[in-house]
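Participant: Okay, predicted coordinates and the sequence, questions at the end:
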Amino acid sequence: MTIRALVAALGLTALLVVLSACGSPSEAASPTEGQAQPMQADTVQAKDLWVKAVDSGMSAGFGTLTNTGSSDVVLTSAASIISSDMELHVTGPDEDGQMVMSPQEGGFIIAPGDTLVLEPGGDHIMFMDVREPVGPGDTVDLTLTFEDGSAVDVTAPAKDFTGGDEEYVPGTHE
Amino acid sequence: MRQAADSAVSRRGFLMGGAAAGIGAMGGVSLSLLTEPHAPDATAAEAPLTTPPTAATPEGDPRVAFHGRHQPGISTPPQAAITYVALDLDETTDRAALRRLLQLLSDDADRLMRGEPALADLEPELAAPAAALTVTFGFGPELVRRAAGDSAVPEWLRPLPRFAIDQLEPGWSDGDLLLQVGSDDSLTLAHAVRVLLKDSRAFARPRWTQNGFRRPPTTGTIGTRNHFGQVDGTSNPVPGTADFDAAVWTHDGPDWLADGTSLVLRRIRMDIAGWDKIDRHSREQSVGRSLATGAPLTGATEIDDPDLDAVGPTGFPVIHDLAHVRRARVNAPEHRIFRRAYNYAEGPDSSSPGQLFASYQADVDRQFVPIQERLSAADLLNQWTTPIGSGVYALPGGCRPGGYVGEPLFAVGI
């Protein structure tokens, strides 16, 4: 089954960015005083997510994540069925001044009220080994996991995109 | 599982709520087709306010809502600039691919009409001001066939019959997917077209592009004029009236086209050099209306009904037997058409400008074709006008937040 067929089979027709928290033990819609700290996944609002369409190999995911809570949130990993290996990347100049991408150690910290902007030429979610073609208009399922182990499932459309041709420099971590 | 965060798309509210202004203000003679109503029911003063098509943001940038019962760009006020692009679908673009394409383009349209960048927009600064941007989608027969099979194609969705006056060029005709993009800001418009074409690139190739312009909506009480100086759009059905609804919106099926309409787009070359040679009296005789005011030669104001029986002192009809207003006249509301014409002036020879004649109607065969047959047979204006492009498109109804234009087509089994 191709990714496209899988996506269709899941009935993900809308381009809406749909989010629902997973792995959250909390039942309260809005935590009240005296209760435990809300799970990080519950305080993150994702918007305008999209993924670069590719036939295979590397791709990237973009959008914004806003911390609507009162404590720091740390995005530690992203996972998707379309790529077994994924990383969180930053983009910056190397020693020669070339813009290159590299893994972000420890994940992305989002302070209360702040918005993490994932965009071409900047921070992004990296798909290292897309196996099946992801065509424009396909929807990609992603799971974003935070420092406290909470996670959120999101859906992002794939878009035809040729901009932001930064070079990838594999990380030295691990 | 519970909602941790919200959809960006659905949370944004509508930017609706302002007053509809100037919808009925566009009056005047259409160059190639003018339908004369029997009763003077279609005046600006009498037009009821319906769903407000536009609302200004706090910054004064007018926005039109993408979501709604009908697609924008039909009953909403015509903007100063328009671009029509027809695309031919790639061989590999099947039903599933078409759905993806329409989802992408609908999302782009929604964002751009809010004055916001599309996803993956590399020039986000060009998205605002929206300047009343509208994006409207039309389907040719091949798109409908691929999406839902032959039986979904309405009988009228095919090239028009050949008219004697036609000198059609394939480079200005037909196409599988039509994009109609209008704005009062030409740079915003160009950016929107570019975004839509980028997202179409994996599915279709542009066939032709036609750019048009008209008087900005703020310019006086006369809607617009054509290159011959004639007032354009007189006696159109007025959006929001029962007559408009009867003339424009689909009511005889197919089901997937509910709340939709059809568009006939004709590119009409105007012989401006030939027009230069005739005197003002002859010019007014060709249409049967005053050039200054658009009033019929038997009346005083643009909204006056022409008196086709009036006879002058010499015993001849005041309005010529072959005048455009007489030949184009239609009485029954369900046989009228809604015109939304633009001018063009591009091309290597600036002495042959013309008009993008856009006609919206529920049924092309019932409404457009009979009028065009009469005009083709005899109309004084034919001496200076030549249709060189022609296309017929089905325009589906509007979509809800989270949906996309053409969605009902994919509910049809094939």
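Facilitator: Done, it's in.

Participant: Any stretches of chain A with poor pLDDT?
Facilitator: Filtered on pLDDT under 70, chain A yields the residue ranges A:1-35, A:164-174.

Participant: let's go with 90 and repeat that
Facilitator: Low-confidence segments of chain A, defined by pLDDT under 90, span residues A:1-37, A:91-105, A:121, A:162-174.

Participant: show me the contacts for the residue of it found nearest chain B.
Facilitator: Of all residues in chain A, residue A:137 sits closest to chain B, at 2.6 Å by Cβ to the nearest Cβ. Bear in mind the C-beta positions are built from the backbone N, C-alpha and C, glycine included. By Cβ atoms under 8 Å, 6 or more residues apart in numbering or on different chains, residue A:137 lies in contact with A:157-158, B:97, B:99-101, B:103-104.

Participant: Check residue B:9 and give its pLDDT.
Facilitator: For residue B:9, the model assigns a pLDDT of 30.

Participant: follow-up on the earlier one: and which of the contacts of residue A:137 is nearest residue B:353?
Facilitator: The closest of the contacts of residue A:137 to residue B:353 turns out to be residue B:101 (Cβ to Cβ; 33.6 Å).

Participant: surely the closest one meets residue B:198?
Facilitator: No - between residue B:101 and residue B:198 there is no contact under Cβ atoms under 8 Å: 11.9 Å.

Participant: Comparing the two, which shows the higher neighbour count?
Facilitator: Neighbours per residue (other Cβ atoms under 10 Å in any protein chain shown) separate residue B:101 from residue B:198, with residue B:101 holding more: 24 against 20.

Participant: next one: phi and psi at the more buried one?
Facilitator: Taking degrees, to the nearest 10, you get phi -60, psi -50 for the backbone angles of residue B:101.

Participant: Now do the longest strand along chain A: which elements does it pack against?
Facilitator: Assignment by DSSP state E gives strand A:57-67 as the longest strand of chain A. Packing partners of strand A:57-67 (3 or more Cβ pairs under 8 Å, 6 or more residues apart in numbering or on different chains; DSSP states H and E): strand A:44-52, strand A:73-79, strand A:108-110, strand A:115-118, strand A:124-130, strand A:139-146.

Participant: Would you list the strands that the second one pairs with, along with their directions?
Facilitator: Its sheet considered, strand A:73-79 pairs with strand A:108-110 (antiparallel), strand A:139-146 (antiparallel) by DSSP bridges.

Participant: looking at those strands, which is buried most?
Facilitator: strand A:139-146 (a mean of 23; mean count of other Cβ atoms under 10 Å in any protein chain shown).

Participant: got the angle between whichever helix or strand comes after that strand and strand A:57-67?
Facilitator: Heading C-terminal from strand A:139-146, the first helix or strand you meet, by DSSP states H and E, is strand A:151-159. Interaxial angle, strand A:151-159 versus strand A:57-67 (axes from the mean of the first three to the mean of the last three Cα atoms, to 10 degrees): 130 degrees.

Participant: So what's the gap between strand A:151-159 and the chain middle?
Facilitator: Relative to its parent chain, strand A:151-159 has a centroid offset of 7 Å by Cα atoms, centre = their mean, to the nearest Å.

Participant: Can you check what angle separates that strand from strand A:124-130?
Facilitator: Interaxial angle, strand A:151-159 versus strand A:124-130 (the same axes, to 10 degrees): 70 degrees.

Participant: re the thing from before, for the longest strand of chain A, buried residues please.
Facilitator: A:58-67 (16 or more other Cβ atoms under 10 Å in any protein chain shown).

Participant: ok, now stretch B:270-281?
Facilitator: By 16+ other Cβ under 10 Å, the buried positions in stretch B:270-281 come out as B:270-272, B:275.

Participant: In strands, which of the residues you listed appear?
Facilitator: Within the buried residues of stretch B:270-281, residues falling in strands by DSSP E are residue B:270.

Participant: can you put the buried residues of stretch B:270-281 in TSV and add pLDDT and distance to residue B:264?
Facilitator: Output for the buried residues of stretch B:270-281, formatted as TSV (pLDDT from 0 to 100; distance: Cβ to Cβ, whole Å):
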residue	pLDDT	distance to residue B:264
B:270	95	18
B:271	93	22
B:272	91	24
B:275	94	24
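
Participant: excluding its backbone neighbours, what's nearest the residue sitting nearest the centre point of chain A?
Facilitator: By Cα atoms, centre = their mean, the mean C-alpha position of chain A lies nearest to residue A:125, the distance being 5.0 Å. Spatial nearest neighbour of residue A:125, excluding adjacent residues (Cβ to Cβ, 6 or more residues apart in numbering or on different chains): residue A:61 at 3.8 Å.

Participant: how near is that neighbour to residue A:74?
Facilitator: 18 Å (Cβ to Cβ, to the nearest Å).

Participant: can you give me the strands for the stretch 151-300 of chain B?
Facilitator: Assigned by DSSP state E, counting those that start in this stretch, the strands in the stretch 151-300 of chain B fall at B:177-183, B:204-213, B:224-225, B:231-232, B:261-270.

Participant: Select, out of these, the one closest to residue B:70.
Facilitator: Evaluated over those, closeness to residue B:70 peaks at strand B:261-270, with 7.9 Å, by Cβ to Cβ.

Participant: can you give me how far that closest one is from the chain middle?
Facilitator: 8 Å.

Participant: per-residue confidence for residue B:224?
Facilitator: Residue B:224 carries a pLDDT value of 88.

Participant: So what sits opposite it in the bridge?
Facilitator: Per DSSP bridges, the residues bridged to residue B:224 are residue B:232.

Participant: Surely it is in contact with residue B:212?
Facilitator: No - the criterion here is Cβ under 8 Å, and residue B:224 misses it with residue B:212 at 10.4 Å.

Participant: Now list whatever residues contact both of those two.
Facilitator: residue B:343.

Participant: burial count for the closest residue to residue B:262 other than its chain neighbours?
Facilitator: Leaving aside its chain neighbours, residue B:262 sits nearest to residue B:364 (5.1 Å; criterion: Cβ to Cβ, 6+ apart). Applying other Cβ under 10 Å, we find 25 residues neighbouring residue B:364.

Participant: Contacts only, for residue B:364.
Facilitator: For residue B:364, the contact set (Cβ under 8 Å, 6+ apart) comprises B:156-157, B:160, B:262, B:264, B:392.

Participant: Just the CA coordinates for the longest strand of chain A, please, in PDB.
Facilitator: The C-alpha trace of strand A:57-67 is given here as PDB (Å, rounded to 0.1, in the frame of the first residue of the first chain):
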ATOM      1  CA  GLY A  57      14.800  10.600   0.500                       C
ATOM      2  CA  MET A  58      14.700  13.700   2.600                       C
ATOM      3  CA  SER A  59      11.800  16.100   3.200                       C
ATOM      4  CA  ALA A  60      10.900  18.700   5.800                       C
ATOM      5  CA  GLY A  61       7.900  19.800   7.800                       C
ATOM      6  CA  PHE A  62       7.000  23.400   8.700                       C
ATOM      7  CA  GLY A  63       4.400  25.500  10.500                       C
ATOM      8  CA  THR A  64       4.100  27.200  13.900                       C
ATOM      9  CA  LEU A  65       3.900  25.800  17.400                       C
ATOM     10  CA  THR A  66       2.600  28.200  20.100                       C
ATOM     11  CA  ASN A  67       3.000  27.500  23.800                       C
END
